[in-house]
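Student: The amino acid sequence is not available; the structure is as follows:
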Ligand code: SF4
């Protein structure tokens, strides 16, 4: 009987050509050691060649592994060609049924474990650099991932289309608002044309960060359509609450508690009505669907981004009255920011879909929790960086290959 995760990965590979599933299938194949499998995967990724076409195992000198890899490749190709996982299932079942043709070198038989006493526990040295809200978000989401990213720092993050889209769109908006600091409905056509030109230019510059020509064209068209909707929102907002853009990609580095933090605020607006500020974060990925949902994430200490921006400006002597996440992902719907008005500690929460309130008390608690987490990381009291228990945390994690403790996803439903 196959393990459900293997059957699920075989299905994902044969039906959809899911390369992550194929990599997991190689790592799970007992006839090949995890070292050889990991090396083969790393080589295939580095050379951008299909794993199922690889000619051999880079680190293996054992001919049995070479034979096993040839069988595995053949089954992988057959399963994909037929859109049918049976060849892979049979391969895994045969290894489960018979003695595996390869087993890892039996080091324990040569060197008894007792001759290798465990190293004495050592505190993990943590990087001595300012903290960012995104690093703390990662720390609370998955401490293991934070450890890989900020302590081991083992690999460059590969370019992903979503990240390239976000970087290019941010660059276009940065240039746009340096030219249009006071948006208004009277400038609508001029703003539309200028932002469109800047988006096209930004995606042309970002062309090398996309894998294919088709990808860059698709993402550029998505951004151009979204930019039109962004202008609609700017005009509407300027009519309701006239403002001036006073900061774009502003670097902030406040000391909170005894800790140094650092970050970049996408946009800062000053309202003409009372001189207060709105801090704005552009979001090109998924975000909370309502103001209430975002506020609850802040209350559960799962998201520090906007609270951090808030405090960076308050500590600089400003008065921040609004926090906003501006969605720039979906060109098919109007740009409707998730916006929280800052209210007193005693004011009851008010919510109306994308708009709501957040109390100063919630923001103070978030600030104190940021400092607590920074203290914990700096104290070197952490003896183990726990892996997340939520499979969703792993969806975009680039360390899945190295992370043996990652939670297994729920079996996919309706996948056939
Ligand atoms: S694979 Fe999952 S559990 Fe492992 S580090 Fe990444 S997010 Fe954390």
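Tutor: In hand now; what should we look at? What you are looking at is a predicted structure, and each value in this text was computed from that prediction instead of being measured.

Student: which of the residues in the helix ranked longest in the chain are buried?
Tutor: Secondary structure of the chain per DSSP state H: the longest helix is helix 213-240. Neighbour-count burial for helix 213-240 flags 216, 219-220, 222-224, 226-227, 229-231, 233-235, 237-238 (criterion: 16 or more other C-beta atoms under 10 Å). The C-beta positions use only the backbone N, C-alpha and C, and glycine is treated the same way.

Student: just the helices in the protein please.
Tutor: Under DSSP H, the chain gives helices at 4-16, 19-28, 34-47, 63-82, 86-97, 107-110, 133-141, 143-146, 161-179, 188-205, 213-240, 291-299, 305-314, 360-379.

Student: Which of the ones you listed has the lowest mean pLDDT?
Tutor: Mean pLDDT per stretch puts helix 107-110 lowest among these, at a mean of 48.

Student: Please name every helix or strand in contact with the longest helix of the chain.
Tutor: helix 161-179, helix 188-205 (3 or more C-beta pairs under 8 Å, 6 or more residues apart in numbering; DSSP states H and E).

Student: Now distance to the ligand too, for the helices of the chain, in CSV please.
Tutor: As requested, the helices of the chain are exported to CSV (distance: least, C-beta to the nearest ligand atom, whole Å):
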stretch, distance to the ligand
helix 4-16, 14
helix 19-28, 11
helix 34-47, 14
helix 63-82, 23
helix 86-97, 22
helix 107-110, 26
helix 133-141, 7
helix 143-146, 4
helix 161-179, 17
helix 188-205, 30
helix 213-240, 25
helix 291-299, 17
helix 305-314, 19
helix 360-379, 16
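
Student: which one of those has the most crowded surroundings?
Tutor: Of all these, helix 305-314 carries the top mean neighbour count, a mean of 24, counting by mean count of other C-beta atoms under 10 Å.

Student: can you list contacts of that helix?
Tutor: Helix 305-314 has contacts (C-beta atoms under 8 Å, 6 or more residues apart in numbering) with 132-134, 137, 252, 254, 256, 261, 263, 265, 268, 277, 279, 281, 294, 298, 320, 323-325, 340, 342, 362-363, 366-367, 370.

Student: what about the strands in the stretch 301-416 of the chain?
Tutor: 320-327, 338-343, 351-352, 355-359 (DSSP state E, counting those that start in this stretch).

Student: what mean pLDDT does the third one have?
Tutor: Yep, that's strand 351-352 we're talking about. 89.

Student: how far is that strand from where the chain is centred?
Tutor: Strand 351-352 has its C-alpha centroid displaced from the chain centroid by 28 Å (C-alpha atoms, centre = their mean, to the nearest Å).

Student: Just checking: what are the partner strands of that strand?
Tutor: Sheet partners assigned to strand 351-352 using DSSP bridges are listed as strand 355-359 (antiparallel).

Student: which outside residues touch the partner strand?
Tutor: Strand 355-359 is contacted from outside by 290-292, 294-295, 298, 323, 339-347, 349-351, using C-beta under 8 Å, 6+ apart.

Student: could you flag which of these are buried?
Tutor: By neighbour count, with 16+ other C-beta under 10 Å, the contacts of strand 355-359 hold 291-292, 294-295, 298, 323, 339-343, 349 as buried.

Student: Nearest to residue 46 among those residues?
Tutor: Nearest to residue 46 out of the buried ones among the contacts of strand 355-359 is residue 294 (C-beta to C-beta; 38.8 Å).

Student: Return the backbone torsion pair for the spatially closest residue to the closest one that is not a sequence neighbour.
Tutor: Of all residues beyond its chain neighbours, the one nearest residue 294 is residue 288 (3.9 Å), with distances taken as C-beta to C-beta, 6 or more residues apart in numbering. For residue 288, the backbone dihedrals are phi -60, psi 150 (criterion: degrees, to the nearest 10).

Student: got a list of what residue 288 touches?
Tutor: 294, 297, 325, 338.

Student: roughly how far apart are the last one and residue 196?
Tutor: The span separating residue 338 from residue 196 equals 25 Å under the rule C-beta to C-beta, to the nearest Å.

Student: For the residue lying closest to residue 143 once chain neighbours are set aside, which residues are in contact?
Tutor: Of all residues not flanking residue 143 in the chain, residue 385 sits nearest, at 4.2 Å (C-beta to C-beta, 6+ apart). Residue 385 is in contact with 124, 143-144, 146-147, counting by C-beta under 8 Å, 6+ apart.

Student: Dump those residues into JSON lines; add distance to residue 75 as well.
Tutor: As requested, the contacts of residue 385 are exported to JSON lines (distance: C-beta to C-beta, whole Å):
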{"residue": "124", "distance to residue 75": "41"}
{"residue": "143", "distance to residue 75": "37"}
{"residue": "144", "distance to residue 75": "32"}
{"residue": "146", "distance to residue 75": "37"}
{"residue": "147", "distance to residue 75": "35"}
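
Student: No further questions, thank you.
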